[in-house]
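Colleague: Just need the structure, nothing else, for what follows:
(3 chains)
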Amino acid sequence: MEFSAKQIAGILSGKIEGNADAKVGNFSKIEEGKPGTLTFLANLKYAHFIYDTQATIALVNDEFVPEKKLPESLTLIRVPNAYSALAQLMAMVDQSQTKKPLVHSMSFISPSTTVPEDNYIGAFAFVGENVKLGNHVKIYPHVFIGDHVTIGDDTILYAGVKVYDNSVIGKRCIIHAGAVIGSDGFGFAPEGDKYKKIPQLGNVIIADDVEIGANTTIDRAVIDSTIIRSGVKLDNLIQIAHNVEVGENTGMAAQVGISGSTKIGRNCMFGGQVGLGGHIKIGDRVNLGAQSGVISDIEDGKSVIGSPPMGVKDFFRSSLIFQKLPDMYRTVNQLQKEIEEIKKLKK
Amino acid sequence: MEFSAKQIAGILSGKIEGNADAKVGNFSKIEEGKPGTLTFLANLKYAHFIYDTQATIALVNDEFVPEKKLPESLTLIRVPNAYSALAQLMAMVDQSQTKKPLVHSMSFISPSTTVPEDNYIGAFAFVGENVKLGNHVKIYPHVFIGDHVTIGDDTILYAGVKVYDNSVIGKRCIIHAGAVIGSDGFGFAPEGDKYKKIPQLGNVIIADDVEIGANTTIDRAVIDSTIIRSGVKLDNLIQIAHNVEVGENTGMAAQVGISGSTKIGRNCMFGGQVGLGGHIKIGDRVNLGAQSGVISDIEDGKSVIGSPPMGVKDFFRSSLIFQKLPDMYRTVNQLQKEIEEIKKLKK
Amino acid sequence: MEFSAKQIAGILSGKIEGNADAKVGNFSKIEEGKPGTLTFLANLKYAHFIYDTQATIALVNDEFVPEKKLPESLTLIRVPNAYSALAQLMAMVDQSQTKKPLVHSMSFISPSTTVPEDNYIGAFAFVGENVKLGNHVKIYPHVFIGDHVTIGDDTILYAGVKVYDNSVIGKRCIIHAGAVIGSDGFGFAPEGDKYKKIPQLGNVIIADDVEIGANTTIDRAVIDSTIIRSGVKLDNLIQIAHNVEVGENTGMAAQVGISGSTKIGRNCMFGGQVGLGGHIKIGDRVNLGAQSGVISDIEDGKSVIGSPPMGVKDFFRSSLIFQKLPDMYRTVNQLQKEIEEIKKLKK
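Modeller: This next block holds a predicted model:
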């Protein structure tokens, strides 16, 4: 879809300098501006790029004063805050791409489930028995929803999401392609040399405004529930084991793994590839650096990294000295000899 | 489904104290007991929770003597061993949830494949040519089974499992949603600056009683087979490369990665996020701590952790001293100066 | 399918020694040769296995001279280079397994998309609106292709691959089962205690001759594109975040994670489970050892490992001394005391 400078300026209450009929169909960064795109100058650090950008329209702050001639092909739209205006346009475009209500004839809905009229259910989606679907739910092709699942208003399940029986998903959640919700926890009891499966009969509860990344897996509890509280943001390929609880607004980068029964507080931030052991308690507002390995509790408000985790500056200091260990080892051996020498001389 | 205290006591040969008509529809832990659930008191450490539980029924050991008044709303069922009785009930419930035989009209079965009458094949499942299906096999919606695959009796493939051509899967296996069996191994031969694909023509063989977690991937061999022996338990998001062999009853926690042609013994236990290099041999009964990195052989019976792995106590000792490295570095420099001083004085 | 020694010798212009009618249906390694298979002896280190192999046919180099009697059941085919001949046969078998052109009646193709006659589109595949499909494209069952996607000639998407709207995939690419292309980048702006989603409106561009492993995820850019250049080979379960660029012919082993906006050069090799921070630049021909953690730029041509990365030999030296840290710590404390002694004596 294309928009003219006039239309965009209308939406943003901006002032046009240049061709009001100039048309754009996409966004671009100021340093990579292509013809037919709208770019933006929010940070003056990047101002030098605007003088030879090929972008067709640029959003700039009202007070922007060019230091030299702008490209002939460029139309400016002046707004009070270029970054906010950009965010407003992006949100509009995002909204316009939403799926229209439809229950595709090649989907399968169990007879005991009722689909509200404003839902989108794509081709080859499977919806099990007694599923409760909220309003404006969007279920993409190849989604599997087991029996007795609840899905709140305005939630989106992208292609190929799998939701096991009895899972509960809140409102305004976004679950990306291939994520698995409610698979069996990894629980086995030894029987001689072998292992016997412990049935996993609990479920997963996901609260409102949660986003879950592509191919992330969340196991259901043995009994009770694995709980993801409201506002949690999980990136791709994360593993959440059975009986874990993740507190409100906690964010985790890709490939983090959380072992069984661990409780994580609210507003934590975990870097990529972090691993947490089982049955531990992480406080609120804990920052964990990438690749940390944690096997004991962490108090509220700590910023730590490493295995076991330590203060961030200390970690990088220790890491630098790790690189000098061979030298240090030789020095210590040398000192040891020299002291032996000195002691011999003493006698 | 709901069960009365009378029905449950009947199943377990237990003795009721309280309301024989009390009904439950789910399990709960003693510390989180909710109305309408059955809880259990197996470990007396948790006994204090029973005096104000809201659970409707509690399984207790025959010899349990309350120290104070139990809730009015609680019915006890006494059994010789509360934990075993719970396990028995959980297994029953688990069993009752099993899918009934059915070949869904919206599945696709290649004409050359015969489906035994007691199989469940869900909507949108795809079964390729000349597939051999055992008895009581359960194939959930969106499962893909390539050509010439063999699947043993009582095996369950959950939603969206993908099985490439020629794979062999044993009896009583459970493969969780999104797992991929038999994808191409990562094999390329350099050709100048570029890489040429080495065709991957082997297969994957999975023996009996294996459980494979959600979104785990197992690559097929170049030639011959990648082999997962009986009783192996793999958690979610694990990577098994081509030509790997995993010995009987070995268990691996989530996000472990095993490189090509590595052989792993029986009854090993690997923590989460462990990485193994290629072409190495891990003995039997080896325990590897979480996040270990291994690039050489490990003998039978070792318990190790780290990169390269070392004894567990030693690892934690070294890790603690890692945190003190900056201090130690300063101390060594200081000692060096002092010895220089002393040596100067000597002259 | 079975081939006789005569047929194979014909294909390879080889010379038969033994039974020209001997038939094989599969390959085997020389150390595991089974009846009915073709094996090969390329490296004389393995020559001792040929004297009691059960394989039916062996490819050997023209100049191979047996040192003792070969099995009666074995037919030799002599060729100038046994390894090249094997590769030629494997490529032929690989080619012969390719899917025949077909648009399955149980697939769904949006009316605005045209499918070239030589494409394979499997059952339950979903192809969105205005998708541009090249020649000889193969789309397996359960593949999801969003709207406005482009797919080049001869590309294969295996079962359950999900491609979000606007993605561009080049020619001769192979994307393995369960991989996700174009999911939302992980971008949120703090709003008080909570996080607000930043719309992700860019796309993913994958150039020619790229191979992507099973369950790997590649996020689309905020604006502009996440770019995977030609010849890149990604193993299974890899995470590529939004706005990343991966240079030509770079290879990454399984479970690597690349954070947002990082640029990686050409012909790099990353070991398994490597993690890269965001907004950094990795040069050309960089080798990164397994499990490395990288948060700053790396120059062209470096071979490094660790967190932060260092030279490979230095890393292994430091790792060995890491194991001796408790001893070293005691030694340093002891030296400190001895020097105190010496200094006291001085006075």
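Colleague: Give me the packing partners of the helix or strand hosting residue A:337, helices and strands only.
Modeller: Assigned by DSSP states H and E, residue A:337 belongs to helix A:325-346. Under the contact criterion of 3 or more CB pairs under 8 Å, 6 or more residues apart in numbering or on different chains; DSSP states H and E, helix A:325-346 touches helix B:325-346, helix C:312-323, helix C:325-346. In short, each C-beta sits where N, CA and C put it, glycine included.
Colleague: Buried residues of that helix, list them for me.
Modeller: Residues A:325, A:327, A:328, A:329, A:331, A:332, A:335, A:336, A:338, A:339, A:342 are the ones in helix A:325-346 that count as buried (16 or more other CB atoms under 10 Å in any protein chain shown).
Colleague: so what's the most centrally placed residue in chain A up against?
Modeller: In chain A, the centroid-proximal residue (CA atoms, centre = their mean) is residue A:235; its distance is 3.4 Å. The contact partners of residue A:235, by CB atoms under 8 Å, 6 or more residues apart in numbering or on different chains, come to A:213, A:216, A:252, A:253, A:254, A:255, A:256, A:272, C:186, C:239, C:241.
Colleague: State whether residue A:87 is indeed within a helix.
Modeller: Yes - membership of residue A:87 in a helix is supported by DSSP: H, G, I helix; E, B strand; the rest coil.
Colleague: how close does the residue nearest to it when sequence neighbours are not counted get to residue A:118?
Modeller: Distance criterion CB to CB, 6 or more residues apart in numbering or on different chains; nearest residue to residue A:87, sequence neighbours excluded, is residue C:198 at 7.5 Å. Distance of residue C:198 to residue A:118, given as CB to CB, to the nearest Å: 26 Å.
Colleague: Between these two, point out the one with more neighbours.
Modeller: Using other CB atoms under 10 Å in any protein chain shown, the more surrounded residue of residue C:198 and residue A:118 is residue C:198, with 18 against 15.
Colleague: surely that one meets residue C:188?
Modeller: Yes - with contact defined as CB atoms under 8 Å, residue C:198 counts as touching residue C:188 (6.3 Å).
Colleague: Could you tell me how many residues sit around residue A:272?
Modeller: Using other CB under 10 Å: residue A:272 sits among 27 other residues.
Colleague: May I have the secondary structure class of it?
Modeller: With three-state DSSP as the criterion, residue A:272 reads coil.
Colleague: Now do the same contact list for it.
Modeller: Counted by CB under 8 Å, 6+ apart, residue A:272 has contacts A:235, A:253, A:254, A:255, A:256, A:290, A:291, C:239, C:257, C:259, C:275.
Colleague: okay, it: pLDDT?
Modeller: With respect to pLDDT, residue A:272 scores 98.
Colleague: now the residue nearest to the centre of chain A: how far from residue C:241?
Modeller: In terms of CB to CB, residue A:235 sits 8 Å off from residue C:241.
Colleague: same question, residue A:62
Modeller: Applying CB to CB, the value for residue A:62 to residue C:241 is 34 Å.
Colleague: wait, doesn't residue A:40 sit right on residue A:33?
Modeller: No - counting by CB under 8 Å, residue A:40 sits too far from residue A:33 to count as a contact (9.7 Å).
Colleague: Next, show the common contact partners of the two.
Modeller: Residues touching both residue A:40 and residue A:33 (CB under 8 Å, 6+ apart) are residue A:58.
Colleague: Tell me the residues of the stretch 201-347 of chain A that contact chain C?
Modeller: A:209, A:211, A:213-215, A:231, A:233, A:235-237, A:248-249, A:251, A:253-255, A:266-267, A:272-273, A:290-291, A:316, A:319, A:322-323, A:325-326, A:328-329, A:332, A:335-336, A:339, A:342-343, A:346 (CB under 8 Å from any CB of the partner chain).
Colleague: partners of residue A:188 in the sheet?
Modeller: Beta-bridge pairing of residue A:188 under DSSP bridges involves residue A:197.
Colleague: Over to residue A:83: give its phi and psi.
Modeller: phi -70, psi -50 (degrees, to the nearest 10).
Colleague: Neighbours of the residue nearest to it when sequence neighbours are not counted, how many?
Modeller: Nearest in space to residue A:83, with sequence neighbours left out and distances taken as CB to CB, 6+ apart, is residue A:42 at 3.9 Å. Number of residues near residue A:42 (other CB under 10 Å) recorded here: 17.
Colleague: Reformat the helices and strands packed on helix A:325-346 as TSV; add mean pLDDT.
Modeller: TSV is the format used below for these (pLDDT from 0 to 100):
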stretch	mean pLDDT
helix B:325-346	89
helix C:312-323	95
helix C:325-346	89
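Colleague: who wins for proximity to residue B:106 among the ones you listed?
Modeller: The closest of the helices and strands packed on helix A:325-346 to residue B:106 is helix C:312-323. By CB to CB, the value is 54.5 Å.
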